[in-house]
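Enquirer: Kindly return the folded structure for what I paste below:
(3 chains)
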Amino acid sequence: MVAAPFLNASQTKAVEHLAGPLLVIAGAGSGKTRVIEYRVLRLIENGIAPGSILLLTFTRRASKEMLSRAAKRDPRAAEVEGGTFHGFAVKLLRQFASKLGIKTNFTVLDQGDAAEAMHRCATEKKLYEGVHRFPQKSTLQKIVSMATNKRLDVATVIEREFPNFVECAEGIEILRDDYAKYKLEQSYFDYDDLLLYLRLILGEPAVQTYVNEQYRFVMVDEYQDTNLLQGEIVKLLGGERQNVMVVGDDAQSIYGFRGAFHKNILNFPAEYQGSKIIKLEANYRSSQEILDLGNGVLQTMEHRYDKHLKSADNRHGDLPNLLFFKDTAQEAEFVADQIQEYYHDGENLSEMAVLFRSSYLSFNLQTELAKRRIPYDVFGGKKFSDTAHVKDLLSYLKLLANPKDELAWNRVLMLFEGVGPKTAQKLIVQLKGRATLVEMKAVFDTLGEKAKYKASLVRLIKGLAAAQELVSNLGQAYEALLETYRPLLEDKYDNWTQRAKDLEMLSQIAARYDSIETLLTDFALEPPEREVSEVSGVFQNEGRVTLSTIHSAKGLEWGNVFIIGMIEGIFPSSYALKTDEGLEEERRLFYVAVTRAKQRLYLTLTHYGFAGGITQFNKPSQFLEQPAINSYLDRPDKEAPAAPKPAPTPDIGMDKDQLLAKLAELYARK
DNA sequence: TTTCGACGTCTTTTT
DNA sequence: GACGTCGAAA
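Expert: Below is the predicted model of the structure:
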């Protein structure tokens, strides 16, 4: 038997559970990662084939971490099938695509691509014409996506979340069908399609039997964040055996905005007959002072579930600090000072994190850290792959994978001077009549000589064709594409040297792959986070500070945590204040943030802020005003020292003529 | 048909 | 600040 040290009684019960449905309610820091890890080992030990165990998580990082830890104790664990719902869907759909009449090498659209595709459909249908105001493409995407994830019709979604577009509901409902058809024609799958089609094929008895045969034990992490579709998918994956173990914490459900249905976790016992429930309550992460604050936050929740965080080893530390600053520059200085201080006390930078509600809140801090040459990583917010130049190059790559990719062609063609939407569309129609890049060259060759973009486009297609020759070595193919793209890069962007560095980095990533499809899918599903600081000197090999949105920090922990921007309207977000459900989700988010800290926790806010173009006086977050929370904080004297009374303005008695005379004097002296 | 500048609107979180 | 719309000029 695998030695499983330090597991407490309920953890052991969860690990020992073999067949049948199991719900594990795992409080923050209760060691659920270890439970999953050891249960995998236990199953394998009991003779279950590793390949028939499926572990579904929300980030690939999470599943990789759990499985690689398990694999250190038993190498067979590396063969367990693990990944995100979306990644698993791609795998299965590639396998079944041909049976559905879909190309095996279908393209996965990220959110931006999806918005672009929808825009094309809406333009085609002339939906923008004759309507006073039609949602912009990213809003269209949000509306349609939410309808899918919450299983609602467009009208209901608009009524609830986008009331200013009620009169467009009908048009968008039509667009939704057009968009679905368009994607099928083009072999495009957006994020929602991956779940939708996975659910669809699992609903076919033959497919379900096949899949149930393959996967006999299913585990799902962060079950409170699954949506209706994912709930159904899990049920179908469980099949008749119902060897389904789900792990989650209803107090940490923070993805309602993308359709998470946290009743999934509440309904689990009813949905799965004969299921067992195990609660993990002992906390192995934080000091009791931090947990007290966490408990305070739990108390403020309206839908409170019985839960009380208790430090398992009775660890103690300082009270969480609440600090006020004049502006974000001072806030950033303080955080950087504090990080440096802990560093000099011998703590590793990787034990320090700064968390925030929205990614822009960290901009000032990034500048400050860079100035001091403190290395950091940023999580959440704009991704590396969201930048224009990276998207450009990814489009080039997409054309190698599928020369008929309309969206990619559109983006690439529009890069050239003199080519706008109309010209691009005309060219695309012609291009799609040819099968390969080599044949497509003729389209550009036959362009009128007076078209000033002719030469550049011929150069482009030659470059693409040449790169395709090298595709068996992705690193080389990429370099060829980069050379073709370089003149456009230098022409288009003032800061092209900066951007060229990003593209060099992309080159290294590309070289690690051996299939373009895999590369592109990975970029769509789990794009690399933005690499920001490259720092040398004092802090080398000392790890890096983490700057992260609270959402991206879930599941992680650090010794010292700073939560910045504790301002009403920012956290909780004014956007969420519109509904009770929204505010409740912000509370859960605050709970997640607080419970990331092991030893020290700082909450900070600034008096002056900049919003909507004007400087305003910030109000502290309403969370900080609640006694249940407030009383667990070490806060400064509420009264700021009174500013000295300004003396009366001295009289200098000068009229306009005298002023002008004085001015003349000053001008003359120059 | 494209490009450019002026002006208006909305501004969160992620697979 | 990003994105979209509109009108004018090339």
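Enquirer: mind checking which helix or strand the closest residue to A:Ile254 other than its chain neighbours is in?
Expert: Sequence neighbours aside, A:Leu589 is the residue nearest to A:Ile254 in space, at 4.9 Å (criterion: C-beta to C-beta, 6 or more residues apart in numbering). For glycine as for every other residue, the C-beta is placed from the backbone atoms N, C-alpha and C. In the assignment (DSSP states H and E), A:Leu589 maps to helix A:580-594.
Enquirer: now A:Gly653
Expert: Per DSSP H and E, there is no helix or strand for A:Gly653.
Enquirer: what about it, how many residues close to it?
Expert: The number of residues packed near A:Gly653 is 6, by other C-beta atoms under 10 Å.
Enquirer: Return the residues of the stretch 451-600 of chain A in contact with DNA strand B.
Expert: A:525-526, A:549, A:551-552, A:573, A:575-576, A:582 (C-beta under 7 Å from any atom of the strand).
Enquirer: Check the residues you listed for burial and list the buried ones.
Expert: A:525-526, A:549, A:551-552, A:573, A:576, A:582 (16 or more other C-beta atoms under 10 Å).
Enquirer: Narrow those to those in strands?
Expert: The members of those that map onto strands under DSSP state E are A:Thr549.
Enquirer: tally of neighbours for the spatially closest residue to A:Pro50 that is not a sequence neighbour?
Expert: Spatial nearest neighbour of A:Pro50, chain neighbours left out: A:Glu79 (3.9 Å); criterion: C-beta to C-beta, 6+ apart. For A:Glu79, the neighbour count with other C-beta under 10 Å is 15.
Enquirer: Can you name the residues that contact the residue nearest to A:Ala477 when sequence neighbours are not counted?
Expert: Spatial nearest neighbour of A:Ala477, excluding adjacent residues (C-beta to C-beta, 6+ apart): A:Leu470 at 4.2 Å. The contact partners of A:Leu470, by C-beta atoms under 8 Å, 6 or more residues apart in numbering, come to A:476-477, A:480.
Enquirer: Make a ChimeraX selection of the buried ones in the residues you listed.
Expert: Typed into ChimeraX, the line below selects the buried ones among the contacts of A:Leu470, using 16+ other C-beta under 10 Å:
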select /A:476,477,480
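Enquirer: and which of the contacts of A:Leu470 is nearest to DNA strand B?
Expert: Among these, A:Ala480 lies closest to DNA strand B (C-beta to the nearest atom of the strand), at 25.5 Å.
Enquirer: For that closest one, grab phi and psi.
Expert: Dihedral pair for A:Ala480: phi -60, psi -40, per degrees, to the nearest 10.
Enquirer: OK, contacts around it?
Expert: A:463, A:466-467, A:470.
Enquirer: low pLDDT regions in the stretch 101-250 of chain A?
Expert: A:129-132 (pLDDT under 70).
Enquirer: Do you know the pLDDT at the most centrally placed residue in chain A?
Expert: Centroid-nearest residue in chain A: A:Gly380, 5.5 Å away (criterion: C-alpha atoms, centre = their mean). pLDDT recorded at A:Gly380 is 86.
Enquirer: ditto for A:Val535
Expert: On the pLDDT scale, A:Val535 gets 51.
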